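J.: Sequence first, then the predicted structure:
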Amino acid sequence: QVQLVESGGGLVQAGGSLRLSCVASGNIFTPNTMRWYRQAPGKQRELVAGITSGGNINYAESVKGRFTISRDNAKNTVFLQMNILKPDDTAVYYCNLYQPRAYGSYDYRDYWGQGTQVTVSS
């Protein structure tokens with residue numbers, strides 16, 4: 001059983017910063033990828049950023065230069081530092097873990113956190 005718990009969301013003014021954290025617990029296997037997604041009201045869930053256990057990183061174009069993803073493999077934790085926030089960043093942010101079903105398996109599955117609300121006021 002795997003659980004993901006996000007924290008760090010809140011209300012911030014445009015131009016401000018927030019730092020999200022997500023702790024994964026349970027049976028964690030590598031190699032894996034941890035990602036942040038977000039979903040705004042009336043919109044589809046979209047990928048924000050991802051980082052592999054080997055340290056490869058990718059970002060959505062809309063957040064490049066403003067957001068930074070990082071992880072602490074020893075603590076199974078991923079972070080999302082969000083700077084220069086805009087009202088368009090308002091959404092529920094979800095943590096995602098994509099990992100093998102078992103040690104050494106090539107069969108992967110997704111796990112999701114419950115989400116944390118980020119609201120950016122103009």
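T.: Cool, the structure landed. Remember, predicted model here, so these are calculated numbers, not experimental data. Numbering: from 1, shown residues only.
J.: Test my guess that residue 59 contacts residue 66.
T.: No: using C-beta atoms under 8 Å, residue 59 is not in contact with residue 66; the gap is 9.1 Å. Heads up, the C-betas are built off the backbone N, CA and C, glycines and all.
J.: The two - which one has more neighbours?
T.: residue 59 (18 against 15; other C-beta atoms under 10 Å).
J.: residue contacts, the more buried one?
T.: 48-49, 67, 69 (C-beta atoms under 8 Å, 6 or more residues apart in numbering).
J.: got CSV for those residues, with neighbour count and pLDDT too?
T.: Putting those into CSV (neighbours: other C-beta atoms under 10 Å; pLDDT from 0 to 100) gives the following:
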residue, neighbour count, pLDDT
48, 24, 98
49, 22, 98
67, 22, 98
69, 21, 98
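J.: from the residues you listed, which ones fall inside strands?
T.: 48-49, 67, 69 (DSSP state E).
J.: in what helix or strand does the most centrally placed residue in the chain lie?
T.: When C-alpha atoms, centre = their mean is applied to the chain, the residue found nearest the centroid is residue 36 (2.3 Å). Residue 36 belongs to strand 33-39 when elements are defined using DSSP states H and E.
J.: Would you mind listing the buried residues in that strand?
T.: Within strand 33-39, the residues that qualify as buried are 33-38, counting by 16 or more other C-beta atoms under 10 Å.
J.: and residue 16, how many residues sit next to it?
T.: 14.
J.: my guess is it is in a helix, correct?
T.: No: counting by DSSP: H, G, I helix; E, B strand; the rest coil, residue 16 is not found in a helix; it is coil.
J.: What pLDDT is listed against the residue of the chain most remote from its centre?
T.: Among the C-alpha atoms of the chain, the one most distant from their mean position (C-alpha atoms, centre = their mean) is that of residue 104, at 24.5 Å. pLDDT recorded at residue 104 is 92.
J.: what does the model give residue 1 for pLDDT?
T.: So, for residue 1, pLDDT stands at 87.
J.: hey, where'd the strands end up in this protein?
T.: 2-7, 10-13, 18-26, 33-39, 46-52, 57-59, 67-72, 77-82, 91-100, 108-112, 116-121.
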